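**Student:** just to be clear, the model below is a prediction. Sequence and coordinates:
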Amino acid sequence: MDIKVGDYVVYINTGTKGRVVDIKEIDGEIWVVLDNDLMYKPYLLRKINKKEDYDKDKDEDYKELVKEEDEKYDIQDFGDACGAG
């Protein structure tokens, strides 16, 4: 495994980016812990060479996520609410 603590990586399935803060062995399996407090299998991560790319992309990813969440709740019908009792 060529990933080490301090590396910047991207999770290949979703594009989630993070900085490696720890590498753990749990029940005989290796897990990479990112600064987002999520753990990934190392073979599902790809190293990012430049911190600048990580910061720029992470900021854009965050803005897009916020926009998607805002849109999701704006179009959702919560129906009528009533009190209990």
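**Tutor:** In hand now; what should we look at? Note that the structure is predicted; figures quoted are calculated from it, not measured. Numbers count the residues shown, from 1 in each chain.
**Student:** any low-confidence regions in this structure?
**Tutor:** For the chain, residues meeting the criterion pLDDT under 70 lie at 1, 50-85.
**Student:** which parts of it are strands?
**Tutor:** Taking DSSP state E as the criterion, the chain contains strands spanning 8-11, 17-26, 29-34, 39-40, 45-48.
**Student:** which parts of stretch 23-36 are buried?
**Tutor:** Buried positions in stretch 23-36, judged by neighbour count with 16 or more other C-beta atoms under 10 Å: Ile23, Val32, Val33, Leu34. Using the backbone N, CA and C atoms, a C-beta is placed for each residue, glycine as well.
**Student:** partner residues bridging the first one?
**Tutor:** Okay, so that is Ile23. Judged by DSSP bridges, the bridge partners of Ile23 are Val32.
**Student:** if we can go back for a sec, for Asp2, which of the strands of the chain is the nearest?
**Tutor:** strand 45-48 (7.2 Å; C-beta to C-beta).
**Student:** what does the closest one contact?
**Tutor:** Strand 45-48 is contacted from outside by Asp2, Ile3, Asp7, Tyr8, Val9, Val10, Tyr11, Ile12, Lys17, Val32, Tyr54, using C-beta atoms under 8 Å, 6 or more residues apart in numbering.
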